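Peer 1: Fold the following.
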Amino acid sequence: MITKKMIQNTYPVHHVVISASHDREKSPQIADEKILRKAQDDQKHNKDCISYNFRRAHGQDRDENKFLMPLYRDVPVLVFTVMPAVAYDCNVAVVGSDEVKTVVDALNDHLKHWKKRPIHFTHEGDKTSLPRSILAGAQALSIDDKTPFLFVAGDLPFFSRYLPLLYHQRARDHVGVYTVNAKQYMFPDGDVFIPRNFYHVLVDDRGNKVDWKESNTPILTRDIPFLQEVATELYADRQGGSIGVRQFIPLLFRQKTLSDFLHLPLSVIAEGFLYALTEILHRRGSKRKPCISHSAFEQIASVVMGGPFAIEFGDDVWRMKDIDAWHDLFFYQHMIHEAKKTCATERDGLDAILNDAYVISSFNGPMQEVKNSIGVLKDFVQYANQRAESQGRERPYDCYGHLRVKPASGENVQKALEHLIRYKAADAADRAYVKCIKERGLMYPIPDSLLRRFDQVL
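Peer 2: Down below sits the predicted model:
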């Protein structure tokens, strides 16, 4: 929770890099083989989510770019993700393909009506990877090495509460802040209405074991030595859950890093290597999840990162719920459909769940002019049904384009919708909070009445 003290002892993170790029396989055949292998592996291990993932490949008839999949009419996922950053008046850079540039250009033209600052675009290049996206986006923002920036995955369409990150109190004196998606913090009552696969365990400062997934919204600086190597190790094999101390070990064997690592307390060194060993065994079939204390993990990460690096527990469900697979896209479409049924408005229920509903819904008009130049948007329903048949799945859409598949196992759309409506109200309070800060100056005391309103929303 953001407090007046935190606001008065930090400065905002103004810069945001949004990645609308993900890796390409060498051929469509390799991509399809990996998709089916992953789904079969999920079934074999009785995982909560059976994922038929999106995978791009060289030589595809259409670039299967998940960030450009339509979420509301012909408005793609990326636009939902970008709009909150624009609303908070951040300096935003989007990294992506030529098709992504088409959407960004159209969105910039659309935003002129509201006199918003333009969104920067930088091309993903021929060799796509998440580390390259991070670095390319940071370079496009023209910021120095010590200036913190927020990295956001472009497939978080309902994530809008930027305030806790933009005014993060540890961003000032840390080279990075890595907020893991913590299961027990997001679902404190134990009702997991959006199931995900959590591969790791952290023991928090109160001694509680917390299941976690990788962060989709780290705060970083270019001051981190070997940032590209670090990002590669953190995110190289996300779909296999391979994120943890084991990835840090190759980076430890640099002269200065190894020296600093060996100066850590012996208990921390031992805990780190035990964690790495457990992770290797877990990937080979062991049911025991890798577990490490929060303190040890943070100390090891700080050595690798070349400076103080904070590991924090995140409680924002919508920072976690990305779109890696078809069932994730269908979940969000179910959410919008349910909002339309229960909160009928002139914008199909969008304004009941999103503070940027008007800008997003009105962008459907400009999208009509460019959608035929974007592979996955052209005849999307037919394309989605053909992909489902080729993967042995049920056709997701009927002949009228209506979604016919049910939510995935464990997904409670109604509970998620109730949560999202409260989340939207909290985001509205956040925006009022920021407006007050800007009008009165960063160091001006925030009125207690506004603080109470902010604290009581959720």
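
Peer 1: quick one: the strands in the stretch 301-450 of the chain?
Peer 2: Counting by DSSP state E, counting those that start in this stretch, the stretch 301-450 of the chain has strands at residues 309-314.

Peer 1: Look through the chain and tell me its longest helix.
Peer 2: Counting residues, the longest helix found in the chain (DSSP state H) is helix 413-440.

Peer 1: Which strands or helices does that helix pack on?
Peer 2: Counting by 3 or more C-beta pairs under 8 Å, 6 or more residues apart in numbering; DSSP states H and E, the packing neighbours recorded for helix 413-440 are helix 163-166, helix 317-320, helix 326-342, helix 350-353, helix 448-456. C-betas here are computed from N, CA, C, even on glycine.

Peer 1: do you know which of those helices lies nearest Tyr72?
Peer 2: When those are compared by C-beta to C-beta, helix 326-342 sits nearest Tyr72, at 5.7 Å.

Peer 1: buried residues in the closest one?
Peer 2: Neighbour-count burial for helix 326-342 flags 326-336, 338-340 (criterion: 16 or more other C-beta atoms under 10 Å).

Peer 1: roughly how far is that helix from the heart of the chain?
Peer 2: 18 Å (C-alpha atoms, centre = their mean, to the nearest Å).

Peer 1: Need the residues that contact it.
Peer 2: 49-52, 54, 66, 69, 71-72, 77, 155, 157-158, 194, 321-323, 348-350, 352-353, 384, 387-388, 393, 396, 403, 405, 407-408, 411, 413-414, 416-417, 420 (C-beta atoms under 8 Å, 6 or more residues apart in numbering).

Peer 1: Can you say which of the residues you listed are buried?
Peer 2: Buried subset of the contacts of helix 326-342 (neighbour count, 16+ other C-beta under 10 Å): 49-52, 54, 66, 69, 71-72, 77, 155, 157-158, 194, 321-323, 348-350, 352-353, 384, 387-388, 393, 396, 403, 405, 407-408, 411, 413, 416-417, 420.

Peer 1: shaky segments in the stretch 251-400 of the chain?
Peer 2: Scanning the stretch 251-400 of the chain for pLDDT under 70 picks out the ranges 251-256, 344-346.

Peer 1: Now with 90, please.
Peer 2: By pLDDT under 90, the weakly predicted segments of the stretch 251-400 of the chain are 251-263, 272-273, 275-290, 300-307, 341-349.

Peer 1: Next one: the residue nearest the centre of the chain, what pLDDT does it get?
Peer 2: Residue closest to the average C-alpha location in the chain (C-alpha atoms, centre = their mean): Asn216, at 3.4 Å. On pLDDT, Asn216 comes in at 93.

Peer 1: Can you verify it is assigned to a helix?
Peer 2: No - read with DSSP: H, G, I helix; E, B strand; the rest coil, Asn216 is coil and lies in no helix.

Peer 1: Pull the contacting residues for it.
Peer 2: Val152, Ala153, Leu156, Phe159, Asn181, Arg319, Met320, Asp322.
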